[in-house]
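1. how would this look folded up:
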Amino acid sequence: MNLDTKNPSPGVRLVSVPDEREGQRIDNFLTGQLKGVPKSLIYRILRTGQVRINGKRAKPDARVAGGDEVRIPPVRVAQAGEDKVAPPALVKRVVQAIIFEDRDFLVIDKPSGIASHGGSGVAFGAIELLRAARPDETLELAHRLDRDTSGLLVLARRRAALTALQELIRDGHITKQYLALLHGRPKRAKFDVNVPLRKFDLQGGERMVRVSDDGKPALTAFKVIGNYADASLAEVTLYTGRTHQIRVHGQHAGHPLAGDEKYGLREFNKAMRGFGLHRLFLHAARFEFELNGKTYSFSAPLAPDLAEVLDRLPTGKTAR
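-> A predicted model of the protein is given here:
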């Protein structure tokens, strides 16, 4: 399938994965192979089954191994001078959000409204903006945050650091904590939600996640740390990293997140807008791990817009 009939495209390519790309996500591998191709187009060819790993259809979150054979369909690669230029104001914004860097990692306190990566109508995410700011560096996302979610986003500056951290993430050897405003008052100050989740692609390309017996295991721990009018502030610890996990587990527990237009309550969201909440109340506050004998511990204070919402909310008794 030629995705651009006005310009000739190369034919189907079969690419052998180098050993140093072991464990890399297929979407990131394709980004390296298809220089200048928008991330949205890369996800399109993945969703439509045109990319195959060893003859099998590849999902966007599939990981390649050294020696794998990847089928890449005909895709027009942008010619010199055709690449879109990242908006300078956005580049400056993410650069100013950097809170840590060493030879292995770079960490930003991602503002809400900036996606982790481009695609699905988003031309530039945090990774593309940082690459624009540092064109001579190798930067890869170690994990992802939803576009509306603010807080800690970790990027790797070396391939070895990326694979090592992603292995820790897969094995559950990291600490990831969020702050979330939940609807209502949970009966217990501490509670876990341990139900599997499954992704569904709806008509039009929208992605939904639902509790499903045939989904992937998912465990989330909630700890209420403050009570407000018809709402509770919770510290949320992730033990797995499924798409929309906190949002769907909160909904499943009967306490959906404030400002969640996909899984939340319309009337609750409307009431929260009256207190100045105009986006999802979810903030990645803490990220910790140990690697090669070194302890990494990052924290990001609650985003100012969310802190202002809490200041406006009538308070209740603080949970112990």
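2. can you give me the strands in the stretch 51-200 of the chain?
-> Ranges of strands in the stretch 51-200 of the chain, per DSSP state E, counting those that start in this stretch, are 52-53, 56-57, 69-72, 98-101, 105-110, 140-141, 150-156, 174-183, 190-194, 197-201.
3. Distance from the chain centre to the following helix or strand past the last one, please.
-> Remark: after strand 197-201, the chain's next helix or strand is strand 207-211, criterion DSSP states H and E. Taking Cα atoms, centre = their mean, to the nearest Å, the mean C-alpha location of strand 207-211 is offset from the chain mean by 15 Å.
4. Within its sheet, name the partner strands of strand 207-211 and how each one runs.
-> Counting by DSSP bridges, the strands paired with strand 207-211 are strand 197-201 (antiparallel).
5. Quick one: residues in contact with the helix or strand where residue 268 lies.
-> Applying DSSP H and E as the criterion places residue 268 in helix 266-273. Identification of contacts with helix 266-273 by Cβ atoms under 8 Å, 6 or more residues apart in numbering yields 181, 183, 230, 231, 256, 258, 259, 260, 261, 277, 281, 309. No exception for glycine: its C-beta is placed from N, CA and C like everyone else's.
6. Top of those residues by number of neighbours, please.
-> Ranked by neighbour count under the definition other Cβ atoms under 10 Å, these are headed by residue 258 with 31 neighbours.
7. Quick one: end-to-end distance for stretch 199-210.
-> 7 Å (Cα to Cα, to the nearest Å).
8. about what we covered before: strand 174-183 and the helix holding residue 268, what's the angle between them?
-> 100 degrees (axes from the mean of the first three to the mean of the last three Cα atoms, to 10 degrees).
9. ok, the residue nearest to residue 112 when sequence neighbours are not counted - how many residues close by?
-> Of all residues not flanking residue 112 in the chain, residue 150 sits nearest, at 4.3 Å (Cβ to Cβ, 6 or more residues apart in numbering). Residues lying near residue 150 (other Cβ under 10 Å) number 29.
10. about what we covered before: deepest-packed of the strands of the stretch 51-200 of the chain, please.
-> Comparing the strands of the stretch 51-200 of the chain by mean neighbour count (mean count of other Cβ atoms under 10 Å), strand 150-156 comes out on top with a mean of 25.
11. Mind giving me the packing neighbours of it?
-> strand 105-110, helix 126-133, strand 140-141, helix 159-170, strand 282-291, strand 294-299 (3 or more Cβ pairs under 8 Å, 6 or more residues apart in numbering; DSSP states H and E).
12. So what's the gap between that strand and the chain middle?
-> 9 Å.
13. And stretch 236-247, by the same measure?
-> Remark: stretch 236-247 is offset 11 Å from the chain centroid, using Cα atoms, centre = their mean.
14. mind saving the C-alpha coords of it as PDB?
-> The C-alpha trace of stretch 236-247 is given here as PDB (Å, rounded to 0.1, in the frame of the first residue of the first chain):
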ATOM      1  CA  VAL A 236      -1.600   6.600  44.100                       C
ATOM      2  CA  THR A 237       1.100   4.000  43.700                       C
ATOM      3  CA  LEU A 238       1.400   2.100  40.500                       C
ATOM      4  CA  TYR A 239       2.600  -1.500  40.600                       C
ATOM      5  CA  THR A 240       2.000  -2.100  36.900                       C
ATOM      6  CA  GLY A 241       2.000   0.400  34.100                       C
ATOM      7  CA  ARG A 242      -1.100  -0.200  32.000                       C
ATOM      8  CA  THR A 243      -2.600   2.500  29.700                       C
ATOM      9  CA  HIS A 244      -5.000   4.700  31.700                       C
ATOM     10  CA  GLN A 245      -4.600   2.400  34.700                       C
ATOM     11  CA  ILE A 246      -5.200   4.900  37.500                       C
ATOM     12  CA  ARG A 247      -8.200   6.400  35.700                       C
END
